[in-house]
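Participant: Sequence and computational prediction follow.
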Amino acid sequence: MAASHEARSNGLSRRDFARMMTVGGAASWFVAGRPWTGPAQALLQTPAQPTESFWGAVRDQFVMPRDLGVMNAANLCPSSAPALDAMYENTRDMDRDPSPQNRVKMAEGKENTRQLLADFLRVTPEEIIITRNTSEANNMVSSGVHLGEGDEVVLFADNHPSNKRAWESKSERFGFTINELPNPNPHPGPEYYIEAVRAALTPRTRVLALTHLTSSVGDLMPARELCQLARENDVLSLLDGAQSCGLLDVDLGDIQPDFYTGSAHKWPCGAKEAGVLFVNQRSHDKIWPVILSAYSGRVGISRTHEGFGQRDEPAIIAFGEALKFQTRVGRQAIEQRSRDLASLAIEELNKIDGVQVWTSPNPSRRAAVVSFLPGNLDVRRLSAALYENDRIGCATRGGQDRGGLRFSPHFYNLESEVERGVAAVKKYVAQGV
């Protein structure tokens, strides 16, 4: 636990730390070597031109210590302070009194998060299903859309397993076919993908499934144009937003997919095991419920498709608080900050002899996921050295498909962390690990 690490580094024993946590609750977390007392309300309004000092203040809204630079938002983000507060407070409240009478407000909290999600994505609450994560949401679509022999699904090769292997498995079971389209590297530009899909669609095509922003090398897909093309051909579109929800200023009212999925634990900086499935109003009758149990939602499609049994409402409420925090900082400011950090990483990595950057240098073709091959180094050993020696956390990518390391910085990261990470890569490429 980061807080425990900080407590020990400040001379506190485990007993002292435990007593402090017991007495003070969530307000006793440590940030940057000092007690943290819920600084969400202390964050100043985002200036028109945010400075590094401002982003340092944003960083203080997270319990991750200042000496640790984790650039792995494409996999897991730290929860923001408002999300942590909401989760802890509501969990304690529910466990102090788990009676149905007390838990009524938890259901109210879930519906509040539904409204916040709808506002965040610029849609309506009637179109929102609160899931556990993107994987569950993707599988609800691939299991819920009725397909059989003679039908076809168009996929891109660079998809998350929940939006690729799941379709492949179900094609074997139900008899529909899959037409897989390649994702060339480097990113060939949006027109390539638009024309590739246009050529692939046939009268048999029922679904187009794509990733908004790929987790492999950070290719940004022309989602609006592809969803429009699908719609014009009476084809359902599933847009995997695991890497765009909470990073990009997503406007589903403009993109108009039939389905969109996302997770709280990635770029929104919310709690774990909370996610979203957006089902466009026009497509409510195109998807069957795949899980039937108690405690469904109250409005729209959630009444028939969100009966998942007992839920972790505190995590769901925390999801909403994370969205409110991002909205307060400013979604466009967050997107630009993350893009700027990625641009800095790409620029500096390209200066290192022997490093191959897989991510497009063109800002219009990527966002904040940066993948690169660090020469001939063993990427697992390099990742371990970066964490242990340089306090930089990142992801490894094995296999033959554009393997290496992945930096995915977010708005809680600092320029100094990107610079430290790149400098360390340069050192290890030169001297070995």
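Facilitator: The structure has been received and is ready for your questions. Numbering: from 1, shown residues only.

Participant: for this structure, which spans come out with low pLDDT?
Facilitator: 1-42 (pLDDT under 70).

Participant: what does the domain assignment say about it?
Facilitator: Split into domains by automatic domain parsing, the chain comes to 100-325, 333-431.

Participant: for the ones you listed, which one sits closest to residue 75?
Facilitator: Among the domains of the chain, domain 333-431 comes nearest to residue 75, with 5.6 Å by CB to CB. Where you see a C-beta, it was placed from the backbone N, CA and C, and this is true even at glycine.

Participant: Near residue 86, how many other residues are there?
Facilitator: By other CB atoms under 10 Å, 28 other residues sit near residue 86.

Participant: which one of the domains of the chain lies closest to residue 46?
Facilitator: Nearest of the domains of the chain (CB to CB): domain 333-431, 5.2 Å.

Participant: quick one: the strands in the stretch 51-200 of the chain?
Facilitator: For the stretch 51-200 of the chain, strands defined by DSSP state E, counting those that start in this stretch occupy the ranges 69-70, 128-131, 152-156, 177-181.

Participant: how about JSON lines for these, with distance to residue 421 added?
Facilitator: Listed next are these as JSON lines, based on distance: least, CB to CB, whole Å:
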{"stretch": "strand 69-70", "distance to residue 421": "6"}
{"stretch": "strand 128-131", "distance to residue 421": "33"}
{"stretch": "strand 152-156", "distance to residue 421": "29"}
{"stretch": "strand 177-181", "distance to residue 421": "33"}
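
Participant: so which of the domains of the chain gets nearest residue 70?
Facilitator: For residue 70, the closest of the domains of the chain is domain 333-431, at 3.6 Å, according to CB to CB.

Participant: Same list (the domains of the chain) but as a markdown table, adding distance to residue 44 and mean neighbour count.
Facilitator: Below are the domains of the chain laid out as a markdown table (distance: least, CB to CB, whole Å; neighbours: other CB atoms under 10 Å):
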| stretch | distance to residue 44 | mean neighbour count |
| --- | --- | --- |
| domain 100-325 | 14 | 20 |
| domain 333-431 | 13 | 19 |
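
Participant: picking that back up, which one of the strands of the stretch 51-200 of the chain lies nearest to residue 307?
Facilitator: Nearest of the strands of the stretch 51-200 of the chain (CB to CB): strand 128-131, 10.3 Å.

Participant: Output that closest one as PDB, restricted to C-alpha atoms.
Facilitator: Below are the C-alpha coordinates for strand 128-131, written out as PDB (Å, rounded to 0.1, in the frame of the first residue of the first chain):
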ATOM      1  CA  ILE A 128     -26.300   3.600 -19.700                       C
ATOM      2  CA  ILE A 129     -25.600   0.200 -18.100                       C
ATOM      3  CA  ILE A 130     -23.200   0.100 -15.200                       C
ATOM      4  CA  THR A 131     -20.900  -2.900 -15.600                       C
END
